[in-house]
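Colleague: A structural model of the following input is requested.
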Amino acid sequence: MSSLGRVSNHVATSWCMLKCPIPKDRRVRLAKLYFLVSTIPGMPINTVATCADAFCNLTKSKKKISIDDMRLPWKPIYEILKSDLFLKRRQFEYTQLSWCMGYIASHARRFFSPAATEEMLETFVPMLDGTQLNNILAPQYYLLTFLPLTHPQSYLPMLFRMWESINSYMYDDRMLHFLSRLAEMHVDPSVSDPRKIAELPDDERVEGEGRPHWSKEDSKDEVNWQGLYRDVGIFSEHEWHLFMCKCLASMEIPLADAGSLTTGPNADSQASFEIGRLPKPDWRIISLARIIVYSMAQDGQPVPPSNAPTPLFSPLPSGMSTPQIQHGTVKEFLAAPLGKKDEGRAYLAGSKALDSLARLIASTESFFHPSNSGAWTNDLTAFIKYIVYDFNKRWHEEQQPDCETPLHRRLTKTMKRELVKSLRTVTLLAMFSQDSTTVGNIQSCLKSMCVMEPDLMLHPILERAVPSLEALVETQRTIAVIKGLNAVAPAIVSRSVYYPGAKHLVPILQLLIPGIDLNDPSKTLCTTAFLVEISQFIKFGDLTTNEDSHPVPFDSEPTLPATNAGTLPSFTLDDVDSNYADLESRLSDEEEDALLKVSDSVSIFVVILTLCEDSTGSFPDWIASFVRRVIQLLENLPDEGPDGSAGGASEIQLVDAVTGACSQICVHLSEPLYDLVLNMIFDYASLNVRPNAVRAIHQLVECVANADPVKTLAKFFYFCARNIRIELENGASSLRTTSVTSSQHFLQLLKYKDELISLLQLLHSKTYSKRGYSWSGKLLSTTLLTLTHTYPMENKFVNPDEWNASGA
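Modeller: Numbers count the residues shown, from 1 in each chain. Okay, here's the model as predicted:
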């Protein structure tokens with residue numbers, strides 16, 4: 001490609017990245033141009049790669065360009081790919097041409113005419129040769145990359161029959177990736193309408209490309225097309241059973257009777273390295289989750305809702321805590337060898353796919369337990385993470401007004417609730433794992449499940465968190481429950497997610513004060529992460545000082561029924577959810593608001609657990625305790641090194657995390673609480689000199705300065721300037737004081753221009769030692785950065801008018 005072509009391509013790509021509105025006809029012409037250039041035989045690989053990227057950028061949006069606007073030939077890509085994939089050793093030269101052709105084909109396949117399906121099958125299927133794995137994997141790649149996804153009626157059963165007879169993980173990965181795309185696409189029945197094939201112009205054929213016409217006697221041709229829906233999603237019962245067997249085998253669980261299910265990697269060793277030059281499919285765990293979620297529909301008779309919720313304690317790895325599905329009848333057992341099935345069989349939430357998922361989770365529950373962890377744990381936890389992710393994704397897609405999924409095929413609230421119940425126990429088991437990847441998967445899963453059904457997830461987390469934070473337990477368990485609280489934070493701070501969750505916030509914050517500990521960096525980092533998470537969404541303020549609010553008397557608070565007084569709640573698994581439901585249903589939104597305004601209220605979830613009254617305190621008390629705890633941590637830092645940092649890398653990370661949490665909290669403090677924190681920090685910084693915490697105290701002062709530079713400058717500037725002058729007049733040439741400040745608001749800094757310039761001139765003439773002129777340079781550098789840089793004026797989570805509104 002010439003220099004002019006490269007420049008033009010770069011400009012066009014930049015305009016696409018900037019969302020420039022390109023007219024459709026021009027987009028089509030550009031896409032065709034890049035496609036034709038990239039498929040010219042003998043084109044340099046860098047030109048092919050450049051044109052491939054540009055083509056994919058232009059055709060990435062399905063709304064801006066579709067097959068109705070443009071059709072493309074498939075054979076030019078196939079001819080280049082076939083000639084380059086398997087070369088003789090004396091001809092071989094390692095290039096990325098095969099990968100580029102596969103990359104182009106994966107993006108161009110939606111522009112291949114569905115009328116070419118029969119010719120593709122006539123070309124690719126005869127290439128299959130079971131004697132060599134290469135001659136299986138290469139045709140499979142051609143089939144799954146070129147065949148149009150919109151009309152799989154003619155070839156999907158054949159692909160499943162081939163899949164049954166081939167034992168290869170590489171084959172499975174690509175097949176699962178292909179099926180996941182089919183399952184997601186065909187929730188909309190209009191996509192596969194056969195009438196579209198005749199309506200589309202077949203105007204893109206190359207030399208030698210024909211259109212064979214096969215018999216259509218075995219295909220249904222409905223006037224009102226209802227889609228590809230079969231027994232389970234778009235799959236038959238037999239195909240679904242094969243898929244669930246592959247799903248279980250993919251977890252790599254060491255089953256005693258696994259047989260040939262786990263021999264796929266051994267078979268893959270026969271494949272040559274040329275297959276590795278092709279684009280890789282998605283991770284099979286992602287594909288498995290997507291297939292299951294997009295196959296869920298009301299396609300069976302529903303069973304009564306499962307009534308085995310998560311118990312109040314962490315269950316043993318017995319496999320009995322996950323809600324079980326009723327077992328088959330004797331009639332079904334005896335009829336199984338005959339291939340008959342009972343038509344009256346019921347399924348969880350009326351969904352066969354959800355029923356299969358619940359059975360899979362129940363059968364593998366023990367492998368989620370930390371005591372039974374292994375290489376399979378990461379796959380299992382990633383599987384449930386992607387299950388809830390795809391479920392949430394599909395749920396929100398179906399809430400949109402332009403959703404094309406039929407109403408009778410959409411997800412239901414019952415499915416959502418039963419899914420959370422099925423995954424809840426194994427999620428809470430794996431939460432205590434010591435593997436970081438597993439914990440990360442579980443945190444993501446908890447956050448999604450908490451948004452889906454907060455009443456089912458918040459209380460079990462609180463029941464595990466409160467005893468661990470109140471008592472001296474093992475550090476690993478404390479860190480695990482803090483991470484769990486971080487995951488369910490939306491249900492605590494967002495009343496749109498879970499309205500009753502706000503009353504648990506202050507007790508949790510009080511229990512987390514000891515979590516800021518210099519001797520336990522891991523626990524401190526988890527605690528500060530939780531504080532940052534919740535402080536981004538709330539305003540810290542004392543509601544009892546609001547003139548419009550009236551404190552609720554203590555005896556007017558909701559109490560437990562008199563019949564339960566003096567007795568502990570039952571620990572039977574059948575009553576936990578009903579107890580929660582009864583308690584929450586008796587509290588209206590107004591009662592929940594009143595509960596938050598009581599300064600010495602009762603923590604509801606602690607009452608449920610222990611029937612003991614526990615004061616939640618108030619935000620002012622907690623803020624004061626938090627600032628004192630932070631100052632105590634800073635006082636105990638080791639001495640600063642030559643570079644001004646206290647201690648090693650762990651201490652630096654710890655100070656940065658703590659001050660980061662302080663910064664977020666200070667930004668979201670109400671006016672009275674901000675004044676309280678500012679006075680506490682000013683009193684400490686003005687009355688104490690800590691050589692081991694100069695940098696740390698500077699960061700602490702910067703937290704309040706970022707929140708309100710006007711008050712901070714008024715409080716600190718003249719005090720700092722006076723101290724600096726006194727020290728310099730007494731012969732000091734180093735700035736040995738913790739009273740240093742910086743502001744990030746140039747408008748407020750300009751008010752002190754004369755005094756600041758005078759102070760800088762004095763520092764320039766009086767400081768000679770390394771520490772003295774180093775600090776003088778930092779002051780000048782900070783001042784110039786403040787005056788010249790661009791930064792946001794507001795860091796709060798709402799606009800200023802809403803923040804300052806009465807009652808906010």
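Colleague: M175 and V506: what is the separation?
Modeller: Noted for M175: a distance of 53 Å to V506, by Cβ to Cβ, to the nearest Å. (Each C-beta comes from the backbone N, C-alpha and C, glycine too.)
Colleague: so between these two, which is more surrounded?
Modeller: More crowded of M175 and V506, by other Cβ atoms under 10 Å: M175, with 24 against 20.
Colleague: contact partners for that one?
Modeller: Q140, L144, L159, W163 (Cβ atoms under 8 Å, 6 or more residues apart in numbering).
Colleague: now the last one: which helix or strand?
Modeller: Spelled out, it's W163. Taking DSSP states H and E as the definition, W163 sits inside helix 156-164.
Colleague: quick one, whatever helix or strand comes next after that helix and helix 156-164 angle?
Modeller: Using DSSP H and E, the helix or strand that follows helix 156-164 towards the C-terminus is helix 169-185. Going by axes from the mean of the first three to the mean of the last three Cα atoms, to 10 degrees, helix 169-185 is angled at 150 degrees with respect to helix 156-164.
Colleague: which residues sit against stretch 622-632?
Modeller: Stretch 622-632 is contacted by residues 506, 509-510, 513-514, 516, 540, 658, 662, 665, 669, 673, 676-677, 680-681, 684, 700 when judged by Cβ under 8 Å, 6+ apart.
Colleague: try it again at 7 Å.
Modeller: In this structure, residues lying in contact with stretch 622-632 by Cβ atoms under 7 Å, 6 or more residues apart in numbering are 506, 509-510, 513, 516, 540, 658, 662, 673, 676-677, 680-681, 684.
Colleague: taking helix 169-185 as reference, get the angle to the longest helix along the chain.
Modeller: In terms of residue count, the longest helix belonging to the chain (DSSP state H) is helix 375-398. Here helix 375-398 points in a direction 20 degrees away from that of helix 169-185 (the same axes, to 10 degrees).
Colleague: just give me the residue right at the centre of the chain.
Modeller: Centroid check for the chain by Cα atoms, centre = their mean gives S444 as the closest residue, at 5.3 Å.
Colleague: surely that residue is in contact with K385?
Modeller: Yes: with contact defined as Cβ atoms under 7 Å, S444 counts as touching K385 (5.0 Å).
Colleague: what separates E252 from R284, distance-wise?
Modeller: Going from E252 to R284 by Cβ to Cβ gives 11 Å.
Colleague: looking at these two, which is more packed in?
Modeller: Between E252 and R284, counting by other Cβ under 10 Å, R284 is the more crowded of the two (22 against 18).
Colleague: residue contacts, the more buried one?
Modeller: Contacts of R284 (Cβ under 7 Å, 6+ apart): D172, D173, L176, S250.
Colleague: so who does the second one touch?
Modeller: Contact criterion Cβ under 7 Å, 6+ apart gives P281, R284 as the residues in contact with D173.
Colleague: and I697, which helix or strand is it part of?
Modeller: I697 belongs to helix 694-707 when assigned by DSSP H and E.
Colleague: distance between that helix and the chain's centre?
Modeller: 32 Å (Cα atoms, centre = their mean, to the nearest Å).
Colleague: what do you get for stretch 778-788?
Modeller: On Cα atoms, centre = their mean, the centre of stretch 778-788 falls 38 Å from that of its chain.
Colleague: residues of it that come out buried?
Modeller: L779, T782, T783, T786 (16 or more other Cβ atoms under 10 Å).
Colleague: ditto for stretch 693-712
Modeller: Within stretch 693-712, the residues scored as buried using 16+ other Cβ under 10 Å are 693-709, 711-712.
Colleague: circling back: pick out the most distant pair among the contacts of M175.
Modeller: The widest separation within these, taken as Cβ to Cβ, falls between L144 and W163 and amounts to 10.9 Å.
Colleague: tell me where the model's unsure across this protein.
Modeller: Across the chain, the ranges flagged by pLDDT under 70 are 1-5, 88-94, 214-223, 255-265, 305-344, 472-473, 543-618, 641-647, 731-749, 806-808.
Colleague: can we see that at 50?
Modeller: For the chain, applying pLDDT under 50 flags the ranges 260, 309-320, 325-327, 333-342, 547-586, 598-617, 734-744.
Colleague: hmm, back to that, which secondary structure elements does the helix holding W163 sit against?
Modeller: Helix 156-164 makes packing contacts with helix 237-250 when contacts are defined by 3 or more Cβ pairs under 7 Å, 6 or more residues apart in numbering; DSSP states H and E.
Colleague: extract the CA atoms of the helix it packs on and return them as PDB.
Modeller: Written as PDB, here are the backbone C-alpha positions of helix 237-250 (Å, rounded to 0.1, in the frame of the first residue of the first chain):
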ATOM      1  CA  GLU A 237     -34.000 -33.300  23.500                       C
ATOM      2  CA  HIS A 238     -31.300 -35.600  22.100                       C
ATOM      3  CA  GLU A 239     -29.100 -32.600  21.100                       C
ATOM      4  CA  TRP A 240     -29.600 -31.000  24.500                       C
ATOM      5  CA  HIS A 241     -28.500 -34.100  26.300                       C
ATOM      6  CA  LEU A 242     -25.400 -34.300  24.200                       C
ATOM      7  CA  PHE A 243     -24.700 -30.600  25.000                       C
ATOM      8  CA  MET A 244     -25.100 -31.100  28.800                       C
ATOM      9  CA  CYS A 245     -22.700 -34.100  28.700                       C
ATOM     10  CA  LYS A 246     -20.100 -31.900  27.000                       C
ATOM     11  CA  CYS A 247     -20.900 -29.200  29.600                       C
ATOM     12  CA  LEU A 248     -20.100 -31.600  32.500                       C
ATOM     13  CA  ALA A 249     -17.000 -32.900  30.700                       C
ATOM     14  CA  SER A 250     -15.700 -29.300  30.200                       C
END
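Colleague: what lies in contact with it?
Modeller: Contacts for helix 237-250 (Cβ under 7 Å, 6+ apart): 160, 163-164, 172, 231-232, 235, 261-262, 284-285, 288, 291, 356, 360.
Colleague: can you tell me which of those residues is closest to Y78?
Modeller: Distance to Y78 across the contacts of helix 237-250 (Cβ to Cβ) is lowest for W163, with 22.3 Å.
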